[in-house]
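J.: Need the 3D shape of this:
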Amino acid sequence: MSEGDRRKGGNLTVNRRATHDYFVLEKIEAGIELVGTEVKVVRNGEAGLNGAYASVKDGQLYLNLVRIPPYAFGNRFNHEALRTRRLLVHKREVLRLQALAEQKGLSLIPLRLYLTPKGLVKVEVGVCRGKAQEDKRETLRRRDAELEARRAVASHYRG
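T.: Next up is the predicted model:
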């Protein structure tokens with residue numbers, strides 16, 4: 001994605017591991033509370049969501065273990081790379097997500113960071129249930145079968 005595409009809106013980073021390891025049952029859009037140097041790093045596409053999760057604490061939704069490296073041109077006010085960041089959602093959403101997260105086997109996992117057309121950084125949080133190893137294999141088999149079918153159709157029309 002080019003710099004111009006990032007400025008207009010679009011994915012800044014995607015948690016590919018989440019769809020491999022979890023079934024996504026529901027998706028929620030949330031704002032994310034960032035400091036100035038974090039916004040610059042995120043807009044450059046340098047943030048990472050691997051291993052990140054969301055949790056509810058004291059009636060607030062927080063994002064944990066999101067890697068946003070320090071800004072290269074930052075000064076002494078630069079941010080910590082792995083600090084806990086607050087997510088901005090309505091109170092009723094927090095209560096609903098807390099009830100879901102407390103159910104056995106469900107987790108709140110960030111799926112992607114993206115820019116809105118207005119230039120705001122948002123995070124898509126999924127309510128997820130973990131996949132067993134055989135489920136992961138089935139997903140890979142299905143994806144391979146779809147790829148082979150697309151290749152067969154493409155070669156049929158080319159030839």
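J.: could you pull out the strands for this protein?
T.: According to DSSP state E, the chain carries its strands in the segments 10-14, 22-32, 53-57, 60-64, 85-88, 106-115, 121-130.
J.: Which one, of those, ends up nearest to R151?
T.: Of all the strands of the chain, strand 10-14 sits nearest to R151, with 24.1 Å by Cβ to Cβ. Placement of C-beta: from N, CA and C, glycine included.
J.: So what are the sheet partners of that closest one and their directions?
T.: Partners of strand 10-14 in the sheet, by DSSP bridges, are strand 106-115 (antiparallel).
J.: Keeping just the C-alphas, turn the partner strand into CSV.
T.: Output of strand 106-115 as CSV, limited to C-alpha atoms (Å, rounded to 0.1, in the frame of the first residue of the first chain):
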residue,chain,number,x,y,z
LEU,A,106,-14.0,-16.6,24.0
SER,A,107,-11.3,-13.9,23.6
LEU,A,108,-11.2,-10.4,22.4
ILE,A,109,-8.6,-10.2,19.6
PRO,A,110,-7.7,-7.2,17.5
LEU,A,111,-8.1,-8.1,13.8
ARG,A,112,-6.8,-5.0,12.0
LEU,A,113,-5.8,-1.3,12.4
TYR,A,114,-7.1,1.0,9.7
LEU,A,115,-7.6,4.6,8.8
